[in-house]
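Peer 1: output the structure for:
(one chain, ligands or ions: 1)
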Amino acid sequence: MTFVFEDIDDVEMERRRSVVEPLTDAVRDLVDAVIRTEVAEGEIPDVTAAVRAVTERLRSRQSDGPYGVRYTRAGTGMPWGNPAVGVRNAVAPPMRVQAGDDGLRWADVRLGAAYEGPPGLVHGGICALLLDHLLGEAAGADGTPSFTGTISVRYLRETRLGPVHLEARTDRYDGPKKFVTGTLSDADGPSVVADAVFVIPRWARATPPQEAPQ
Ligand SMILES: CCCCCCCCCCCCCC(=O)SCCNC(=O)CCNC(=O)[C@H](O)C(C)(C)COP(=O)(O)OP(=O)(O)OC[C@H]1O[C@@H](n2cnc3c(N)ncnc32)[C@H](O)[C@@H]1OP(=O)(O)O
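Peer 2: Predicted coordinates for the structure are as follows:
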């Protein structure tokens, strides 16, 4: 597992983000359009060829393997291929994680047709993905890296497609273990709750935190 150092400052990172993000948004829009289009079937082969041509153009220069998690000179993470928050990943809704007081992490996300499970409702795996990621961010609020060891997701009721709100925070520590909880709510209130144990991996375990994150 390697974290890749990008020798750039955060101004340059923001510049790169502003270039690539519209492309990712356009692809997200394409995904939604493919799901919902009702154009005549006869148009589909032409559209398919056009999409393939665009893909080929992007593939004319590309890196080997996944994007990885890159870091700028200032230590800002660039998890741009991440399926929950990646600014280069059209699969990601994307979730924009915000920091609140006492280690709170929260996000407001709009989940459209690409995230449907039961009719009109959010797929349970998407709820779990977003919660796992947000709980991971809350676990990381103390500055130490940790991995999901165990996560339990309880679906209180169905979650409607549309705007959802997520919150997570670390409740307590036990050595390298961080006990983190979170909720996902739709317009009618909380619909999914998650409890997880995040564990600081051995290679990062010199001084596990024992205090509440800032
Ligand atoms: C820089 C910071 C920035 C952060 C922001 C970034 C946000 C990114 C957000 C991304 C979010 C997405 C996140 C992702 O997608 S993370 C990706 C999904 N998760 C993984 O791939 C994890 C794979 N597993 C491992 O790497 C290791 O097994 C871990 C690190 C989990 C433990 O390591 P290790 O096996 O060496 O541990 P140990 O033997 O020393 O035991 C230590 C203690 O831990 C307890 N234990 C062990 N395993 C588990 C378990 N599975 N559940 C509960 N507890 C467990 C164990 O009983 C003991 O406690 P005790 O018995 O002594 O009481």
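
Peer 1: buried stuff in the helix ranked longest in the chain?
Peer 2: Longest helix in the chain by number of residues (criterion: DSSP state H): helix 10-36. For helix 10-36, the neighbour count (16 or more other CB atoms under 10 Å) marks 13, 16, 24, 27, 28 as buried. Where C-beta positions appear, they are placed from N, C-alpha and C, glycine not excepted.

Peer 1: give the other helices and strands that that helix contacts.
Peer 2: Contact partners of helix 10-36 among helices and strands, from 3 or more CB pairs under 8 Å, 6 or more residues apart in numbering; DSSP states H and E: none.

Peer 1: next, name the residue at the spatial heart of this protein.
Peer 2: With distances taken as CA atoms, centre = their mean, residue 84 lies nearest the centre of the chain, 1.7 Å away.

Peer 1: can you pull the contacts of it?
Peer 2: By CB atoms under 8 Å, 6 or more residues apart in numbering, the residues touching residue 84 are 92, 93, 94, 95, 129, 130, 132, 133, 134.

Peer 1: what's the answer for residue 105, then?
Peer 2: Taking CB under 8 Å, 6+ apart, we find residue 105 in contact with 97, 98, 99, 134, 137, 138, 141, 167, 168, 169.

Peer 1: a helix runs through the fifth one, doesn't it?
Peer 2: Yes - judged by DSSP: H, G, I helix; E, B strand; the rest coil, residue 137 forms part of a helix.

Peer 1: one step back: show me which of the contacts of residue 84 are buried.
Peer 2: Taking 16+ other CB under 10 Å as the criterion, what is buried in those is 92, 93, 94, 95, 129, 130, 132, 133, 134.

Peer 1: tell me how far the residue located most distally from the centre of the chain lies from the ligand.
Peer 2: Here the chain reaches farthest from its C-alpha mean at residue 42, the gap being 36.3 Å by CA atoms, centre = their mean. Distance from residue 42 to the ligand, counting by CB to the nearest ligand atom, to the nearest Å: 43 Å.

Peer 1: what residues does this structure have near the ligand?
Peer 2: 132-133, 136-137, 140, 143-145, 147-150, 176-177, 197, 199, 201-202 (CB under 6 Å from any ligand atom).

Peer 1: returning to what we had before: which one of the buried residues of helix 10-36 is nearest the ligand?
Peer 2: residue 13 (16.0 Å; CB to the nearest ligand atom).

Peer 1: contacts only, for the closest one.
Peer 2: Residues in contact with residue 13 (CB under 8 Å, 6+ apart) are 6, 72, 76, 78.

Peer 1: the longest strand anywhere in the chain - contacts with which helices or strands?
Peer 2: As assigned by DSSP state E, the longest strand anywhere in the chain is strand 162-174. Under the contact criterion of 3+ CB pairs under 8 Å, 6+ apart, strand 162-174 touches strand 105-111, helix 124-139, strand 177-186.
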